[in-house]
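Novice: Here's my sequence, what's the structure:
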Amino acid sequence: MDGYATDAFDVAELVPGFRPPPQPAPGLGDAQLAEADARMRHWRDPHVGPLVPGSDRHGDATCRMFRDTFNPYRPAVLDWPRLEPEVRDRIVALPIWDIAVQTEGKARLRMAAYAGTLRDPAMRDALALNAWEEQRHKDVLACMVAAYGIDLVPEPVQRPPRDPEWAYLVTGYSECIDSFFAFGLFERARRSGLFPRALVDTFEPVMQEECRHILLFANWAAWHRARLSCLRRVRFEAKVAAVWAFLAWERIGIARAIDVDGGARPQDNNFTLRGAQSVAEGGVGVRDLLALCLAENDRRFAGYDERLLRPRTVPRLARVVLRVATRFGRRR
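Specialist: Numbers count the residues shown, from 1 in each chain. Prediction:
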């Protein structure tokens, strides 16, 4: 157990002046919950005209979107349905829980560390709120783990990164990649019926929050790079390219990892391939999965102002792969 612990990190420790959003009163009615859920999914800037990346209006709209769409749900009062033994065993066996909990904890620390370096108060507060919501995701998973008796490996102690910008870029682009596939896998799980509808509904706010998170990240990145001087922008673009190379290499290593001795596989940052086989009987084909991920990605972003930028790299790559796979399938 040496070197492992559950930390008690607080976002305000790295972002002075940040105040967590007020907690809702216990026992919110169905109408209030439905209103908060709808507000989380739909937002439009009331001002007309384009949102030019890097402009004050663009930065203001990005921060207001994130603040106005905040959902005040409380993890401690989420309703975890009683599961049949077969369903519970299937959920416990999913190879995702350790890395899911650890990833949320790492994300909130990296986001808070970078937020603490920002001079713009509105953007600093938006990224700090993002970090706070990552902690809430971790709390949701902790409540589920407790409810269903899922065993986790000890969690490594997380420490603030030496290069906050690099760490934030790695986390942000990782979320853009993983959320794209998670949207499709989540919908596949809902359609398959392998998991109770009540359980899927309980996780739905978390999935939509991930959509908000990568929407914030995409617009922060465009806003930030547009405000840099020429020299600093060259350095920033080089760092972004290095982040993508790092993530590509990381995922190649994940794909090549094998369990040679029958023991547990090393935890990783992307459980898409194994997760796909876990949410549908007989698995799911690559073309079907990519088509579903694209459809769900479009659906989840549809409620937000179209002038805000969306993550584009992974959807574009998915469309290319889908076209090639479809054309190859037709030739065969």
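Novice: lowest-pLDDT helix or strand in the protein?
Specialist: Least confident helix or strand, the chain: helix 272-278 with a mean of 48, by mean pLDDT, DSSP states H and E.
Novice: Identify the spatial nearest neighbour of residue 310, chain neighbours not counted.
Specialist: What sits nearest to residue 310 in space, not counting adjacent residues and going by C-beta to C-beta, 6 or more residues apart in numbering, is residue 301, at 5.4 Å. Using the backbone N, CA and C atoms, a C-beta is placed for each residue, glycine as well.
Novice: can you tell me which residues contact the one you found?
Specialist: 211, 215, 310 (C-beta atoms under 8 Å, 6 or more residues apart in numbering).
Novice: Hmm, residue 180 and the first one touching each other?
Specialist: No - counting by C-beta atoms under 8 Å, no contact exists between residue 211 and residue 180, whose distance comes to 10.1 Å.
Novice: tell me which element residue 142 falls in.
Specialist: Following DSSP states H and E, one finds residue 142 within helix 121-148.
Novice: what comes up buried for that helix?
Specialist: When neighbours are counted by 16 or more other C-beta atoms under 10 Å, the buried residues of helix 121-148 are found to be 122-145, 147-148.
Novice: and the angle from the helix or strand following it to helix 121-148?
Specialist: Past helix 121-148, heading to the C-terminal end, the next element that is a helix or strand (DSSP H and E) is helix 164-192. For helix 164-192 and helix 121-148, the angle between their directions (axes from the mean of the first three to the mean of the last three C-alpha atoms, to 10 degrees) works out to 50 degrees.
Novice: ok, then the element right after helix 164-192?
Specialist: helix 197-226.
Novice: Where does pLDDT dip in the protein?
Specialist: 1-9, 24-29, 253-284, 329-332 (pLDDT under 70).
Novice: out of everything not next to it in sequence, what's closest to the residue nearest in space to the middle of it?
Specialist: To find the centre residue of the chain, average its C-alpha atoms and take the closest one (C-alpha atoms, centre = their mean): that gives residue 210, at 3.9 Å. For residue 210, the nearest residue in space outside its immediate sequence neighbours is residue 179; the separation is 4.6 Å by C-beta to C-beta, 6+ apart.
Novice: So the one you found sits against residue 216, correct?
Specialist: No - taking C-beta under 8 Å as the definition, residue 179 is not a contact partner of residue 216, at 12.0 Å.
Novice: just to revisit the earlier point, quick check, distance from the helix holding residue 142 to the centre of its chain.
Specialist: For helix 121-148, the distance from its own C-alpha centre to the chain's C-alpha centre is 10 Å (C-alpha atoms, centre = their mean, to the nearest Å).
Novice: how far off helix 197-226 does it point, in degrees?
Specialist: 160 degrees.
Novice: Can you show me the helices along the stretch 1-150 of the chain?
Specialist: For the stretch 1-150 of the chain, applying DSSP state H, counting those that start in this stretch gives helices covering 11-14, 30-41, 56-68, 85-92, 97-115, 121-148.
Novice: ok, and for the first one, which residues are buried?
Specialist: By 16+ other C-beta under 10 Å, the buried positions in helix 11-14 come out as 11, 14.
Novice: what comes into contact with it?
Specialist: Residues from elsewhere that reach helix 11-14, judged by C-beta under 8 Å, 6+ apart: 18-20, 108-109, 112-113, 115-116, 128, 131-132, 135, 160.
Novice: what's the answer for the third one, then?
Specialist: For helix 56-68, the surrounding residues in contact (C-beta under 8 Å, 6+ apart) are 39, 43, 45, 47, 49, 51-52, 120, 122-123, 125-126, 129-130, 212, 215-216, 219-220, 222-223, 304-305, 307-308.
Novice: Repeat the analysis, applying 6 Å as the threshold.
Specialist: For helix 56-68, the surrounding residues in contact (C-beta atoms under 6 Å, 6 or more residues apart in numbering) are 43, 45, 51-52, 122-123, 126, 216, 219, 223.
Novice: I appreciate the help and will end here.
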